[in-house]
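**Q** turn this into a structure:
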Amino acid sequence: MYHHGSKATFGPDLGSFARNIAGFGMGGPGPRFPYPGRARRGDIRTAVLRVLADEPMHGYQIIQELSARSGGTWNPSAGSVYPTLQLLADEGLVVAADSGGKRVFSLTDTGRAAVADLTDEPAPWDVAAAHSDVTGYAALREAGMRLAAAVVQIGKSGDKTQIMSTIEILNGARKQVYTLLAQD
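**A** A predicted model of the protein is given here:
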């Protein structure tokens with residue numbers, strides 16, 4: 001349902017419950033690069049050039065390749081990759097060609113020269129991976145968000161028995177987590 005002044009979303013509305021459980025919302029504990037899975041400004045340009053140095057690709061392939069090269073720690077969005085490809089095309093560093101209904105991008109000679117100038121810099125996906133979540137916090141946060149989504153769904157559509165069972169499960173899980181914290 002769309003409410004004036006807010007974004008329509010897919011899935012349950014987690015509200016402040018899930019965004020702020022145990023400090024998991026913005027400003028909570030956790031890594032600060034600037035956000036897990038996010039690279040610094042300008043890194044996407046370098047990354048796209050370096051990936052295209054290996055072989056021509058369409059935009060979605062580039063996104064998948066960058067995610068794979070970072071071990072899944074960096075997942076650039078289409079909203080950053082496609083404008084970057086357009087910028088690189090405007091600069092004469094890449095050229096697009098239609099292939100099987102998709103726009104496949106490849107480096108121009110100028111683009112290959114630009115990539116050669118980047119060899120002294122670490123690859124952006126390596127930088128993103130190095131600054132990724134070494135403590136496991138991102139995975140913990142994701143698990144907490146998924147649990148919160150399931151709890152919200154039970155709260156909205158579950159019957160009394162399901163809700164009571166969920167409360168028992170959550171109380172047991174909370175006790176187990178505190179037991180882990182109490183161990184030396």
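**Q** would you say residue 103 is within a helix?
**A** No: Residue 103 is assigned strand when assessed by DSSP: H, G, I helix; E, B strand; the rest coil, not a helix.
**Q** what ranges does the chain have for its strands?
**A** Taking DSSP state E as the criterion, the chain carries its strands at 57-58, 94-99, 102-107.
**Q** quick one, domains of the protein?
**A** Using automatic domain parsing, the domains assigned to the chain come out as 15-31+136-182, 43-130.
**Q** closest to residue 148 out of the strands of the chain?
**A** Of all the strands of the chain, the one in closest proximity to residue 148, counting by Cβ to Cβ, is strand 57-58 (35.8 Å). C-betas here are computed from N, CA, C, even on glycine.
**Q** other SSEs contacting that closest one?
**A** On a contact count with 3 or more Cβ pairs under 8 Å, 6 or more residues apart in numbering; DSSP states H and E, strand 57-58 meets strand 102-107.
**Q** ok, and what's touching the strand it packs on?
**A** 49, 52-53, 56-59, 62, 85, 88-89, 93-98, 115 (Cβ atoms under 8 Å, 6 or more residues apart in numbering).
**Q** swap in 10 Å and give it another go.
**A** 48-62, 82, 85-86, 88-89, 93-98, 111-115 (Cβ atoms under 10 Å, 6 or more residues apart in numbering).
**Q** what average pLDDT does that strand get?
**A** Mean pLDDT, strand 102-107: 96.
**Q** now it: buried residues?
**A** 104-105, 107 (16 or more other Cβ atoms under 10 Å).
**Q** what's the angle between it and strand 94-99?
**A** Angle, strand 102-107 to strand 94-99, by axes from the mean of the first three to the mean of the last three Cα atoms, to 10 degrees: 150 degrees.
**Q** in its sheet, what does strand 102-107 sit against?
**A** Take DSSP bridges as the rule and strand 102-107 pairs in its sheet with strand 57-58 (antiparallel), strand 94-99 (antiparallel).
**Q** need these in JSON lines with mean pLDDT and mean neighbour count, can you?
**A** Output for the strands paired with strand 102-107, formatted as JSON lines (pLDDT from 0 to 100; neighbours: other Cβ atoms under 10 Å):
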{"stretch": "strand 57-58", "mean pLDDT": "96", "mean neighbour count": "18"}
{"stretch": "strand 94-99", "mean pLDDT": "95", "mean neighbour count": "14"}
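**Q** export those to CSV and tack on distance to residue 161?
**A** Compiled in CSV, those are given as follows (distance: least, Cβ to Cβ, whole Å):
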stretch, distance to residue 161
strand 57-58, 50
strand 94-99, 56
